[in-house]
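Engineer: sequence and computational prediction follow.
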Amino acid sequence: MAKFFLPLFLLSYIFLYGSENVNLNPDNINKKIKLYNKNLLLKPTYTFLEQKTDYSPKNININKQLTQPQRRLAESTFYTQILMIGSVGVIYLLPESVSKWDKSELRKKSLGQRWENNIKKGPVWDKDSFVVNYVGHSFTGAWYYMAARDYGISKEGSFLYSAFLSTFMWEYGYESVAEIPSWQDLISTPILGLFFGEYFYSLEKKIDKNEGRVLNSKVLGNISYFLLNPIGSISNSLSDTFDLHVTVKFETYQPMHSIKQQEIYIYQARPIIAKEQDFGIVLNIEF
């Protein structure tokens, strides 16, 4: 076989490069063949292949995976944000002796700057009164708890919901634009709110058994319903008025793989596959 291919290689070489460049020494010919093969196999490649396309979204509609009570709670949570923002305005209008907010200091920095500074400093033991820390916040936690419990959420789920609203949405959220997060508030609101909230829930069930009456009065029954669960009552009223539908979607964006070969020899090429992924939450509000 070698005797057949060697003359064929010599003829091809003469045809391409001219007979004056041919060295008929067998050793030189073998060296050229080896060198040619080596250069062919070890020739580096410089390629960068990337799919020039937009991200392809993979939508997961969270609402479709929730039960009806959970969907109603998600909508109620949106209205609760309106109530929380309104509460910030009410507290701001209160005397500084009650709110403990230094209004002159609040005017010196932007909302974002005050929020960032207060988050970094907290939490601390505040100097609010006993009534504010252990009665007011306990009742607020109970109302957060009742907002979830009335939609059929379990005790554990209602406690976590109350802790989420009181900790992330209020203490480290809206209120942090005005004051440093408080240890008393972080503890008393969800924990004491659990016990008060479950007691309120038992009272509400007693009113239900009495056909919504307190002392045989429908008016007192409605007032009691509101006092036991003001957040849920206001949210239901707003829902009936505005007919608002809230849809939450979790979206992931996955681009095509980018394959890169750079200075990688053919015989040992190992493509580098780069993966990127972005994600986010899309909130759709329909009136």
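Structural biologist: Cool, the structure landed.
Engineer: which regions of the stretch 51-200 of the chain lie under the pLDDT threshold?
Structural biologist: For the stretch 51-200 of the chain, the stretches with pLDDT under 70 are 51-59.
Engineer: can we see that at 90?
Structural biologist: Within the stretch 51-200 of the chain, the set of residues satisfying pLDDT under 90 comprises 51-118, 121-122, 126-133, 152, 176-179.
Engineer: can you map out the helices along the stretch 101-250 of the chain?
Structural biologist: Here the stretch 101-250 of the chain has its helices, by DSSP state H, counting those that start in this stretch, at 103-106, 111-121, 130, 137-149, 155-164, 183-209, 218-228, 230-242.
Engineer: deepest of these, which one?
Structural biologist: Ranked by mean neighbour count under mean count of other C-beta atoms under 10 Å, the helices of the stretch 101-250 of the chain are led by helix 137-149, which reaches a mean of 25. Where C-beta positions appear, they are placed from N, C-alpha and C, glycine not excepted.
Engineer: re the thing from before, as TSV, the helices of the stretch 101-250 of the chain with distance to residue 176 would be great.
Structural biologist: Listed next are those as TSV, based on distance: least, C-beta to C-beta, whole Å:
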stretch	distance to residue 176
helix 103-106	12
helix 111-121	5
helix 130	23
helix 137-149	15
helix 155-164	15
helix 183-209	11
helix 218-228	29
helix 230-242	21
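Engineer: residue 65: which of those is closest?
Structural biologist: Among those, the nearest to residue 65 by C-beta to C-beta is helix 155-164 (15.3 Å).
Engineer: can I get the closest one in PDB, CA atoms only?
Structural biologist: Provided in PDB are the C-alpha atoms of helix 155-164 (Å, rounded to 0.1, in the frame of the first residue of the first chain):
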ATOM      1  CA  LYS A 155     -52.200  28.300  61.200                       C
ATOM      2  CA  GLU A 156     -48.600  27.900  60.100                       C
ATOM      3  CA  GLY A 157     -49.200  29.600  56.800                       C
ATOM      4  CA  SER A 158     -51.000  32.500  58.400                       C
ATOM      5  CA  PHE A 159     -48.100  32.900  60.800                       C
ATOM      6  CA  LEU A 160     -45.600  33.000  58.000                       C
ATOM      7  CA  TYR A 161     -47.700  35.400  56.100                       C
ATOM      8  CA  SER A 162     -48.000  37.700  59.100                       C
ATOM      9  CA  ALA A 163     -44.200  37.500  59.600                       C
ATOM     10  CA  PHE A 164     -43.600  38.300  56.000                       C
END
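Engineer: which residues touch it?
Structural biologist: Here helix 155-164 makes contact (C-beta atoms under 8 Å, 6 or more residues apart in numbering) with 73, 141-142, 144-149, 153, 189-190, 193-194, 197-198.
Engineer: out of those residues, which one sits closest to residue 117?
Structural biologist: The closest of those to residue 117 turns out to be residue 189 (C-beta to C-beta; 22.5 Å).
Engineer: and that closest one, what does it touch?
Structural biologist: Counting by C-beta under 8 Å, 6+ apart, the residues that residue 189 touches are 137-138, 140-141, 144, 162-163, 166-167, 170-171.
Engineer: go with 6 Å
Structural biologist: 137, 140-141, 166 (C-beta atoms under 6 Å, 6 or more residues apart in numbering).
Engineer: same question, residue 284
Structural biologist: residue 247.
Engineer: apply 10 Å and report the result again.
Structural biologist: Remark: with contacts taken as C-beta atoms under 10 Å, 6 or more residues apart in numbering, residue 284 is in contact with 61, 63, 245-249.
Engineer: tell me the SS of it?
Structural biologist: strand (DSSP: H, G, I helix; E, B strand; the rest coil).
Engineer: quick check, pLDDT for it.
Structural biologist: As predicted, residue 284 sits at a pLDDT of 71.
Engineer: beta partners for it?
Structural biologist: For residue 284, the beta-bridge partners are residue 247 (DSSP bridges).
Engineer: now for the contacts of helix 155-164: which two are most distant?
Structural biologist: Farthest pair in these (C-beta to C-beta) is 73 and 189. Separation: 18.3 Å.
Engineer: what about the closest residue to residue 190 other than its chain neighbours, distance to residue 194?
Structural biologist: Nearest residue to residue 190, sequence neighbours excluded (C-beta to C-beta, 6 or more residues apart in numbering): residue 163, at 3.9 Å. Using C-beta to C-beta, to the nearest Å, we find residue 163 at a distance of 9 Å from residue 194.
Engineer: between those two, which contacts overlap?
Structural biologist: Common neighbours of residue 163 and residue 194 (criterion: C-beta under 10 Å, 6+ apart): 141, 144-145.
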